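In: Got a predicted model here, sequence first, then my questions.
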Amino acid sequence: MDEQAAYDIPSIESFLEDAKQGRLKIYASTISSAEVLPSQMKAAATFEDFMADFEGAIVPIEPNPNVMTLSGRLRDLPYRKGASTNRRLSTPDAIMLATAVHLVEGYGVRLDCIHTFDGGGKKDLDGNRSVPLLGYETWCEGFSPEQFIFAKKVIHIERCKPVYPAPELPLVMPGAPPVAAAPAQQ
């Protein structure tokens with residue numbers, strides 16, 4: 001199966017273009033660099049070329065001791081959902097989630113969403129299924145109040161697929177004259 005077929009590439013390109021034009025900021029943990037396979041890069045010669053093209057639009061965030069400590073705590077939680085138990089958050093996912101939490105709590109950054117395609121089905125290096133990022137909150141059953149304090153930090157940040165919103169199109173009723181579009185606000 002072509003792995004790219006599972007991703008909404010046009011939406012990702014639209015978000016990147018908006019970031020390039022300064023309409024939004026994209027924050028990315030530097031750990032994401034390790035998840036990009038150079039052999040799968042189509043638009044740029046190298047990952048470095050890709051990052052150089054989006055310099056200033058993508059803000060790379062390096063893990064610091066606070067992020068790494070929270071990552072360990074998130075990985076150590078006893079995730080379960082119904083009869084499924086003994087799931088772990090993968091190390092890269094834990095670092096990316098902890099990075100987002102740190103941006104919000106440590107720097108006051110307002111994040112609209114953590115974009116991810118991770119709806120489950122992935123296995124870790126030991127062959128065990130990991131906790132998905134989409135629907136993360138459904139894997140927090142039975143946490144003690146102390147454990148839930150850490151999970152709640154992630155739950156409060158929306159996680160969604162990177163689907164670019166379609167532009168609003170004017171509704172024209174059959175037989176009605178077309179309505180003039182409002183002038184763009186600057």
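Out: That came through, no problem.
In: quick one: contacts for the closest residue to residue 94 other than its chain neighbours?
Out: Distance criterion C-beta to C-beta, 6 or more residues apart in numbering; nearest residue to residue 94, sequence neighbours excluded, is residue 71 at 4.1 Å. C-beta here means a position set from N, CA and C on the backbone, and glycine is covered the same way. Counting by C-beta atoms under 8 Å, 6 or more residues apart in numbering, residue 71 makes contact with 63, 91, 94, 95, 97, 98.
In: Give me the subset of these lying in helices.
Out: 91, 94, 95, 97, 98 (DSSP state H).
In: Could you rank these by neighbour count and give me the top one?
Out: residue 98 (28 neighbours; other C-beta atoms under 10 Å).
In: if I read this right, it contacts residue 65, doesn't it?
Out: No. Applying C-beta atoms under 8 Å as the test, residue 98 and residue 65 come out as separate, 10.9 Å apart.
In: Overlap in contacts, the two.
Out: Here residue 98 and residue 65 have no joint contacts, going by C-beta under 8 Å, 6+ apart.
In: For stretch 135-143, give the mean pLDDT please.
Out: Stretch 135-143 comes out with an average pLDDT of 95.
In: returning to that earlier point: okay, and the residue nearest to residue 94 sits in which element?
Out: Counting by DSSP states H and E, the element that carries residue 71 is helix 65-76.
In: next SSE after the lowest-mean-pLDDT helix or strand in the chain?
Out: Least confident helix or strand of the chain, by mean pLDDT, DSSP states H and E, is helix 47-53 with a mean of 75. On the C-terminal side of helix 47-53, the closest following helix or strand by DSSP H and E is strand 58-61.
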